[in-house]
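Undergrad: The following block contains a protein sequence and its predicted model.
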Amino acid sequence: MFRGILPKEVAFYDYFEKMAALNLSISQTFLQAVEGNANLGESVVEIKRIEHECENTARIAIDLLHRTFITPFDRDDIYTLLKGLDSFSGDIKGAASRLALYKFEEIRPETIDFAQNIHESAVEIDLAVKGLRKIKKNISIRENCLRVHDLEFQSDEILSQAISNLFITDDILLMIKWKEIYGKLEKAVDRLEKVACIIESIIIDNS
């Protein structure tokens, strides 16, 4: 009977927003690197730093979840949202690290398309996460999530074209390396779409 009058732990919103902002930063750093507007090696170092900060933030928030009786919304949704935001940064780190490791002579154009798509998705997720504080008053969250779904569909087209173009080369090892990187980038987009789905579920449960 006391559950309804106990204060809810609002610090989770701070953690959500911090992680979404970190994801936005990591996507922008990756985009600048593949577009040639930043040094790839230095960008990888920065991406690893951001990924580590995101991982630590998720760990702190999950620890708080274990210690909090009243949460803003469903505990499973909070946990899944935190893990989804954390996993995205790991995928970008994986793609960036491989780009630096393989020392390609040039960045394939589809990689830039992927990076732009990922950054746009991160922008939409950042906006949607910020809207969770006033979920019943913010009508744009759903639009942000729909945009992420559209971008995920576009990423499927980018991946198909990228794989198709790879078969033009006779260098099998080069093909394998690029397919590995594309796989990481596609997974990053899928992570953000999953986050969008979680946010949509939260909207429905709290409408």
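TA: Nice, I can see it.
Undergrad: Excluding chain neighbours, what is closest to the spatially most central residue of the chain?
TA: Central residue check for the chain by Cα atoms, centre = their mean: the C-alpha nearest the mean position is that of Phe88, 3.8 Å away. Excluding the flanking residues, the one nearest Phe88 by Cβ to Cβ, 6 or more residues apart in numbering is Arg191, at 4.1 Å. Using the backbone N, CA and C atoms, a C-beta is placed for each residue, glycine as well.
Undergrad: where's that neighbour, which helix or strand?
TA: Taking DSSP states H and E as the definition, one finds Arg191 inside helix 172-205.
Undergrad: Break down the protein into its helices, ranges please.
TA: Secondary structure of the chain (DSSP state H): helices at 11-34, 40-67, 75-102, 109-130, 141-166, 172-205.
Undergrad: How far does the shortest one sit from its chain's centre?
TA: What it means is helix 109-130. A distance of 8 Å separates the centroid of the chain from that of helix 109-130, by Cα atoms, centre = their mean, to the nearest Å.
Undergrad: orientation of that helix relative to helix 11-34 in degrees?
TA: 160 degrees (axes from the mean of the first three to the mean of the last three Cα atoms, to 10 degrees).
Undergrad: What residues sit buried inside helix 109-130?
TA: Residues of helix 109-130 classed as buried by neighbour count (16 or more other Cβ atoms under 10 Å): 110-111, 113-130.
Undergrad: now the second one
TA: Applying a neighbour-count criterion of 16+ other Cβ under 10 Å, the buried positions in helix 40-67 are 40, 43-44, 46-47, 50-51, 53-55, 57-58, 61, 64-65.
Undergrad: Quick one: the helices of the chain as JSON lines, columns for mean pLDDT too.
TA: Output for these, formatted as JSON lines (pLDDT from 0 to 100):
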{"stretch": "helix 11-34", "mean pLDDT": "96"}
{"stretch": "helix 40-67", "mean pLDDT": "95"}
{"stretch": "helix 75-102", "mean pLDDT": "94"}
{"stretch": "helix 109-130", "mean pLDDT": "96"}
{"stretch": "helix 141-166", "mean pLDDT": "94"}
{"stretch": "helix 172-205", "mean pLDDT": "93"}
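Undergrad: follow-up on the earlier one: my read: the residue nearest to Phe88 touches Asp86, true?
TA: No - between Arg191 and Asp86 no contact is recorded; they are 9.2 Å apart, counting by Cβ atoms under 8 Å.
Undergrad: what about the two, which has more around it?
TA: Arg191 (25 against 22; other Cβ atoms under 10 Å).
Undergrad: Many thanks, I have nothing further to ask.
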